[in-house]
Structures are given as structure tokens and as C-alpha cells.
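Undergrad: Please find the sequence and the predicted model below.
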Amino acid sequence: MITAGEPAKFALRLVAYAPNGGRLGLLPQHNGFEVAAPLNDVPGLAVTYPAGGLHSELIAGHCEVAVEYAVAGGGWVEPPNARFLRIKRGGDSTDRAGARSYDCPGWAWMTRKVVLYPNGATVDGKRQFSAVSPGAILATFIQEGQARGALPGLSYDFSISHDSAGHPWAKTLTLGIEPGKDLLTVLINLAEQGVIDWRMQGRALQVYNPDTVLGADRASGPSPVDLRLGRDITEAPDTATLEDAVSAILIGGEGGLSVEVTNPSAVAPWGRWETYQSQSGVTDAGTAQLLGQNALERVGRERVQVTRGLLFDAARWLPFEHYQPGDYLLASGDGGAMQSLRLRQITLSVGSDGTVGGNVVLNDRFLEREIRLARQAAGILDGGVSSGGSGGDPAPETNNRTPAAPQGLIVEPAAYLDEHGYARGQATVTWSPVIADANGVALNIDAYEVYARRNQAGQLWLLVAQTAGGDTTATVSPLVVGWEYAWKVRAVSAGVKGVFSDQVVKLVPGDATPPPVPSTPVVASRLGVIHVEWDGKGSAGEVMPIDLDRVHVWMRDPLDPADQGARVGYLTGAGTEVIPGQPYNADREIWLTAVDRSGNESAASVRQTVATRPLVDTDVIGQVIDGAEHIIDGTIPGDAKITADSITGRLIRALEIQAGHIQANAVTADKIVAGAIQAGHIAANAIEADKIAANAITAAKIAADAISGKTITGSVVRSSATGRRFILDSSTLDLRFYPAGNSNYTRIYAEDGWYPGETTTFITSGTNQSGTARAELQVAAGLVRLGIRDPSSHDRIGGGLDVAEGYARFGYSTGSPSFETYIHLNSSGRFFIRGRVWDANETSPYDAFAAGSFSVGGAPSPVWAIYRYGPPGDLTPMATNMGPVVTLRDGGSGGPNAFENVYVPKAWALTASNASGFQVNLAYNTSFAIYFWAHRH
């Protein structure tokens, strides 16, 4: 709803649709509603509507309700996950207003109403899907259900080979699904395992490869979507808990397998917290280690829910229009620092007056990592998911035995860290059950054998796992990361070895997770070198992981744009790195990155700047004797020569020469070394004003910071007499900035007298090269004026903008009313435009409008004319189609008394129009004038 007055920047409205049918009408008189749009789940809508409200009969009956938002350029759009089912209502008969409440789930809720039926190929009561895409499984649900008459209104735009964006499916699945399981459950489970992302667009189901369309990175690039406090965000509550925190886990597997996994970086303010996890089907220690590490990483830190309240009036970015659930946005995370966060849910509320409020729920990089670990664990335990592609060609070998070969073999490798912090490989192998021998005769299977070898000709096949006859998933570890393995499986029945499945080749990936960003280094200059200290922790205060190899120390010259930095040292733990050989007083930028044993490197830490300082004023460079106390008594004989200037004031012990030893007038001005007499040697009031020669004290004689906290009086203060400088003139309230090498200064100054009782501030640029123009910003209490003006006055001579208390104006002026062009708006709510419209024969293909007129002389009937946009002779069409509005005047009705003549209009029509021009036809032989206005759309 958009209310009267100023149009809202962001607005929502409700529209009713018939079930599986067309639009019924608006629902404008609600008492408020709230809509929640989560990622990979069913959205919800809660509406309160009065019984007597306009179109209340629509929502009172069976209908669908769409939420639409107003786009900036005009019009309304229904975003994804914004179609709802009016299936639940409530009310209070004592309510005189007759308000009714409606709880409406998203259209995706309907998918729970179609279930998988059994067929003739069930095994152990499950329907088997062997090495197929997610699209094939979902399409099976939909096609079979619609063939039975279920979900007639549901459509989908994916296929068994491609997702809704037209991309090949990235995952294949081998799994059994129990008959009776509904489509919605499968959608949510596949999304939780990281196989798909999904949403509804109206009644159309859209399914994508994970983290693609519904994982767009809008947090980086030249114009990131940044939700800023005070502009886009009004509040930023964070809720945190340590309830799930654990630092040690005991994994219990099959056959008495027991593996303990610890997390040294877990938050443990009260010491070690333990838990236990039973994992049926896990028979090897490496898989248990991987599952334990994943579980500990998910519960090793404080869990934080990041919720951000939304602003709309001043917001730069708006929900649905600029970002959708699943997108990565730049927003303030826990603690307020801006970081890339994934949008998990948008919740919006609308009052009865149309006022919109709401919030977003975001996940930080730690929570996104936890979600991925949970998906990996689900894949290991449930099996049946594999990345697309075989990874290579199997080495040649053939076998031919019974029972029949297993179908749908898939292998999903992963990496984990052993107890010493080194990367090892693990694989989850899944296949479809065998129910017959090689000739198709049914038989019972007692066991399965999984074989693997390094994928090189001549390598031996090794039996790496065995399962019972009803178990079609095996886990194998440890494997060598970076090696390519070939895999095959066969069934065993009554001791008879079956035919091997087709081989699958997979590369075991290395650890691809970088260490945490190191904490901010502490840098200092001591003894003429730079010291870089690191506390051994991550940027969030966490302990670094067990596979940390080293922390690189980087340095660059911040004043050199070409210097991208170089490694100058490293640390293997908390400590200090010393960087010698740096020039004095030259800034150096220092930062850290962490590298693990697999070569993964973290992002850079916060950068610190430091510069070395001299040990003493001269750094004692080239001097051996630095004080008379270093000369041993009697070591210089009486006949030794003391050369001129060899004894300086620094070699004479304090108070050794007394006043009685100095002859009158023995010390003259030329005997005092420059700088030898310092302020501490001069008694208070010893030097009087008449003892200081005129101009004797110059700026060079005043040390930096010598004048502190004092008032400087006088007309002009300047930083330098020539060259690059500024000059502050108190007599004119004028601050000028001179660049090096010229006098074309920029000026900041203030004047009174422009407006009663006010001071007006001006900022002006230097003049252009020809001296004809200068830019000016004028700031007064009721007016901000920006424009190009005459250098010798304040007269406008170009583009300008006025933002005033009573009006606003934007346009161009040369000082002559004949050439003024501007739009003027004021507090009356109206505006006017001065100037002339650009003639159509000068139109560019990208202009928004073309306007003009032309005349056509008499000709044999019918009379017609074609007009082409743009300069004469140029046949370039407009960039998009045009919408001409045309009127016509009969040439015979002209003359000085045209308004008095009796005029009977002739029949005419606009007969053709495209991006190049338009055509007008007249039914009579006469001359006529055509006036037109065309807009590009």
C-alpha cells in the first residue's frame, strides 16, 4: 500500500489470485501483515483483514495471496517466494470490527501434498535412484504425482540434465527413498546436504546448483550491497550462547571403534567440555576423525544470531529489489565490523497505513563454514551424494563374475587432519543394491566388497572395505591427498564373488580451508629496528588450528603505490620478528598472513604502520669518543698535540671550567658553536626584547611543537612563503590552498551580508585554463548552491544545483533568459521546467524523448509522410522502440484569422512506428503540419 502524500521509497501490497488461476484483485484495506522469506524453506504470511474491508470476500474464500513490492522506476513486482495459500483462518466473534486473521504458508507448502509411490523396482522397501541428478529425482515426484492428478498448478523449469539457470547439475546421487516420502521433505533434505538451492516463483519451482544463483556475491566488486547503520539498518541486535560449545568429542563406530578428537582452539572458559557421538556404519578411524573434527568445528565457538533491523526512507539498498535470500551482503557482523555475510531470511511487516518495517537474519563466515561441515557429515552418514564428473579415465582392466554388477557407484572424497595436523584423505562410497545374478535371476546378497587402487596401470587392487548385504555405503581412510584413486565394488552371495561394477575415478582433494586471519600485530621501533609482535591467536581471539605451519610477516612502503609488499620474516608461534636495515623516519606498513601445512593462506590481518627512529640525535655515527670520561687520566702526555676543534663542549665535564678561569672578553660570539647554547643554559628573563635584532627569529628557528596550546595573533598565517602552501588570512576569513608551481589556488572563505544575521560559507576551486569559469559551493542556513560561475563574480555561467528551504532547482544558465534551462520544484508540491525541448533532428539513439514538427505539401490522394528520428540523412535507429504521440494541423486553416475560420478536420491516422521513425497518412489531398512528442521505452 502507498499512502497519500510523499510516495514511499519502498512499499508492499497484497494481490488475490484464484487457486491455480488468474488474478482476482487487490487486497488494499488490510489491518497489517507480516511476511517471512527464508532460504531453502517454506515462507509464511500472516494477515489481518476486516470483514467489511474492500475485497474482503476474496481473502475470506479459497485463494492465493501474492505479496508485491513497488520498484523504483514504477510498477509492481512479485518477488520469489511471495505466493501464499489462504488455507488457515481465525477470528473472534466478539470483535465488532469483524477482523479476521489468516495464516498463509508459501506455495511451496503444497509440495508436501505429493508423495512417492512404490513401483516394481523397490529393494528393501525403497525405490532406488542410481547415479542420477537431483533434477531426475524431483521430476519423478512431480511427473508421477501430476499423472495421478496431484499439484496441477505446479510447474518447474529444470530438467534431468540442467538446473533452472541452464547449468549442468553439479551433483549425482545414488540413494533409496521410502514410498510415502513427500516432495517438500526431499527438497529440504537435499538443500540441507548442500545438493541444491531452491525457491518458488509464483507457482513455479526453481531448483539450482548450490551457492550459485541463490548464493550471489553482492559483498564485493565496484558497487557492493553494503547495509550501513543509520542508512539501511536501524538496529543490530546480536544474540550469542555457549550452550553448545564442546572442546572434546568421543566418536563411537562399528566393531568397538572408539576415536577421541579434541579442538585446541575451542572456547573453553571453564576448561574442557566433552560430548559423545555414536556413528553407526563407521568402521575406520580416519572417517571417525573427520566426523569428529567437523562436529567440533561446529560447536567450538560461541554461536551468534545476527539480526539487522531495516530502514527504508534513507536506505540505498532495498530487499527483493537489490538483494534476495542466499545473497552475500556487506553488513556489520558481531562486534560491528563490516564483513561479508549471507542473507538467510527477510522478514517484513506492513501496518494498516502502509508503513513498512522489517529485519534480515545473516550468517557470518563461521556459521557458513559450520553449515558446510554439517552437509559434509550428512553426506558421509547418509551417503549417495557425489560431485559431478568422474575425475579421470580408469586404468585398463576387465573382470567378469557373478552375482550381477552393482549399479550407480559414486565416490565422494574429502580431506581431514590427522592428530599431527597433516592432511589425509577420506572417501564415502555408495552404490545401488544388487537383487539378481548376472542372468537376471533373483538372489540374496550376503556382503559387498569395495576395492580401490591408485589410478595407474599395474597398481594392485586392494580390498579397502566390506559391508553387510543390506548396507550399500562404505567409508574409507586414510588416503593420500593429491592422489587419483580408482574404485569398484562387487556383491558376494553364498561365497560366490560377483561381477565388479564399472570403475569410478576420483581425485582425493587436499585441505582447502585456510587458517583464521591472524590477530593484529603489535609493531614498535626500538634500538633503530622494527619489532613485530604476534600473540599467536586469530583475529577473533581463537587459538590457531593444529595444522598451522607459520605466520608470514609482510611489509610495504605505504607511500609507494607500486609496492605491493614483500615477506620479510615469519613466526611459527607467538613471538617477535625483528626487521633491521630500514631508513630512519620512513613509514612502513606491516601485516600478517597465516599458512597451514597444505599451503592454504589466510587473508591479511589488520595493517599497522611504524617508522624507525634514531638512537640519539646524530646516532653516534662515525664517532669513537663520546665523552671526556672515556679518556683515562695520564694517557695524554703534556707534549701531546691538541688539534684545532678537537676539544668540543661535549668533551668538557660539566662545571669543570668556572667563571674565574675565563678572562674578561675571552669568549666572543665567533667562539660559540652554533647550537651550543640551548634554552636550558639561559636564565629566565636573561634575554630582553632589545637584545634581539630585527628579523633575527625566523620560522626555521622555531622547532616543531614549540608553540603548543597558545594563541597566535596577527593578520596572516602561512605554511610557507612559496611553493605548495596554505595561507590563512584572518582579516578576510579566507583560507587559500596553493599547489606547487602555480598560483591557481582553491579557496574557503566566509562572508556576511548575503542574508540578514547569517554568515555564508563559500568553497571555490581554481579557474579553468582559459580563466573563464570556476566551481563554487555556497552554504547558507537556508540554501546550498553548487554550480559553475564567472571567476570575477557570483553569476552562474553553467550547470548548477540549488537545495533551498523553500525550493529546489537543477539546470543550466548563461545569465540570459533565452538560454536558461532548468527544472524548479517548490513547497507547493508543483514544479515547472524552463527552456526548450531538444529538436528531434538532433536526437541521439539513447535520448529519452524526441519532439518536433514538420509540414507536408499537397499531393495526390492519399497524402502520407514518414519522419525519421535523428540528424537528417542519419539512418541510425533509436536504441529501443519509441512511442510517438502525434497531432496534425490542416495547412488550409492557416492565415491571420485561423482561429476564426470554419475548419472541418480531415481524416488521418498514425499508421506505422518503430525505433527509426513513424508514418502518418491523410485521406485527402491537402497540405498539413505534423507536431509530435515521442518517448523511448
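TA: Nice, thanks for sending it over. Residues are numbered from 1 along each chain as shown.

Undergrad: Okay, helices next: where are they in the stretch 301-450 of the chain?
TA: For the stretch 301-450 of the chain, the helices defined by DSSP state H, counting those that start in this stretch cover 365-382.

Undergrad: Give me the below-cutoff pLDDT ranges for it.
TA: Low-confidence segments of the stretch 301-450 of the chain (pLDDT under 70): 301, 303, 335, 364-401.

Undergrad: if we go to 80?
TA: The model of the stretch 301-450 of the chain has pLDDT under 80 over residues 301-305, 333-337, 363-401, 419-421, 439-442.

Undergrad: Which parts of it are strands?
TA: Here the stretch 301-450 of the chain has its strands, by DSSP state E, counting those that start in this stretch, at 303-310, 328-332, 338-351, 356-363, 385-387, 410-417, 423-430, 447-454.

Undergrad: winner for burial among the ones you listed?
TA: Among those, strand 423-430 has the highest mean neighbour count (mean count of other C-beta atoms under 10 Å), at a mean of 25. From N, CA and C alone the C-beta is placed, and that goes for glycine too.

Undergrad: That one versus strand 410-417: what angle between them?
TA: 150 degrees (axes from the mean of the first three to the mean of the last three C-alpha atoms, to 10 degrees).

Undergrad: Listing partners with orientation, what would you give for strand 423-430?
TA: In the sheet containing strand 423-430, its partner strands are strand 410-417 (antiparallel), strand 473-479 (antiparallel), by DSSP bridges.

Undergrad: ok, residue 914 - how many residues close by?
TA: Neighbour count of residue 914, defined by other C-beta atoms under 10 Å: 11.

Undergrad: Tell me how far the nearest residue to it once chain neighbours are set aside lies from residue 442.
TA: Excluding the flanking residues, the one nearest residue 914 by C-beta to C-beta, 6 or more residues apart in numbering is residue 881, at 6.6 Å. Between residue 881 and residue 442 the computed distance is 67 Å (C-beta to C-beta, to the nearest Å).

Undergrad: who has more neighbours, these two?
TA: Neighbour count, other C-beta under 10 Å: between residue 881 and residue 442, residue 881 has more, with 13 against 7.

Undergrad: got the contact list for the more buried one?
TA: Shown in contact with residue 881 (C-beta atoms under 8 Å, 6 or more residues apart in numbering): 913-915, 936-937.

Undergrad: Please pull out the lowest mean pLDDT helix or strand from this protein.
TA: Ranked by mean pLDDT, DSSP states H and E, the weakest helix or strand in the chain is helix 365-382, scoring a mean of 53.

Undergrad: returning to that earlier point: for residue 248, which of the strands of the stretch 301-450 of the chain is the nearest?
TA: Between residue 248 and those, the tightest spacing by C-beta to C-beta is seen for strand 410-417, at 15.4 Å.

Undergrad: Would you reformat the strands paired with strand 423-430 as JSON lines and include distance to residue 612?
TA: JSON lines is the format used below for the strands paired with strand 423-430 (distance: least, C-beta to C-beta, whole Å):
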{"stretch": "strand 410-417", "distance to residue 612": "40"}
{"stretch": "strand 473-479", "distance to residue 612": "49"}
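
Undergrad: looking at these, which is closest to residue 256?
TA: That would be strand 473-479 among the strands paired with strand 423-430, by C-beta to C-beta, at 16.3 Å.

Undergrad: hmm, who's touching that closest one?
TA: Contacts for strand 473-479 (C-beta under 8 Å, 6+ apart): 281-287, 289-290, 380, 382-384, 413, 416, 418, 424-430, 448, 450, 452, 464-467, 485, 489, 508.

Undergrad: And stretch 231-245, by the same measure?
TA: Residues outside stretch 231-245 that contact it (C-beta under 8 Å, 6+ apart): 226-227, 229, 266-269, 273, 299-311, 314-317, 331-332, 334, 336.

Undergrad: Please repeat the previous calculation with a cut-off of 7 Å.
TA: 227, 229, 266-267, 273, 299-311, 314-317, 332, 334 (C-beta atoms under 7 Å, 6 or more residues apart in numbering).

Undergrad: Indicate which one of the strands paired with strand 423-430 is closest to residue 115.
TA: Here strand 473-479 is closest among the strands paired with strand 423-430 (C-beta to C-beta), at 24.5 Å.

Undergrad: Residue 537 bridge partners, please.
TA: residue 543.

Undergrad: so how many other residues sit close to it?
TA: Number of residues near residue 537 (other C-beta under 10 Å) recorded here: 15.

Undergrad: for it, what are its contacts?
TA: 519, 543-544.

Undergrad: So which of those sits lowest on pLDDT?
TA: Across the contacts of residue 537, no position has a lower pLDDT than residue 543, which has 82.

Undergrad: On the three-state scheme, the residue positioned nearest the centre of the chain is what?
TA: Taking C-alpha atoms, centre = their mean, the centroid of the chain lies closest to residue 219, which sits 0.6 Å from it. Following DSSP: H, G, I helix; E, B strand; the rest coil, residue 219 is assigned to coil.

Undergrad: What's the per-residue pLDDT of it here?
TA: On the pLDDT scale, residue 219 gets 88.

Undergrad: Could you check how far it is from residue 329?
TA: Where residue 329 is concerned, residue 219 sits at a distance of 6 Å (C-beta to C-beta).

Undergrad: Overlap in contacts, the two.
TA: Common neighbours of residue 219 and residue 329 (C-beta under 7 Å, 6+ apart) are residue 225.

Undergrad: Check the spacing between the residue nearest to residue 217 when sequence neighbours are not counted and residue 220 real quick.
TA: Of all residues not flanking residue 217 in the chain, residue 328 sits nearest, at 4.8 Å (C-beta to C-beta, 6+ apart). Look at residue 328 and residue 220: by C-beta to C-beta, they are 8 Å apart.

Undergrad: Same question for residue 227.
TA: Here residue 227 is placed at a distance of 14 Å from residue 220 (C-beta to C-beta).

Undergrad: Would you mind telling me which of these two has more residues around it?
TA: Remark: of residue 227 and residue 220, residue 227 carries more neighbours, 27 against 11, as counted by other C-beta under 10 Å.

Undergrad: just the helices in the stretch 101-250 of the chain please.
TA: Per DSSP H, counting those that start in this stretch, the stretch 101-250 of the chain carries helices over the ranges 134-147, 183-192.

Undergrad: quick one: average pLDDT of the longest one?
TA: The average pLDDT for helix 134-147 rounds to 92.

Undergrad: In it, which residues are buried?
TA: 134-142, 145 (16 or more other C-beta atoms under 10 Å).

Undergrad: And for the last one?
TA: Buried residues in helix 183-192, counting neighbours by 16+ other C-beta under 10 Å, are found at 183-184, 186-188, 190-191.

Undergrad: Any chance of JSON lines for the contacts of residue 881, columns secondary structure?
TA: Shown next, in JSON lines, are the contacts of residue 881 (three-state DSSP):
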{"residue": "913", "secondary structure": "strand"}
{"residue": "914", "secondary structure": "coil"}
{"residue": "915", "secondary structure": "coil"}
{"residue": "936", "secondary structure": "strand"}
{"residue": "937", "secondary structure": "coil"}
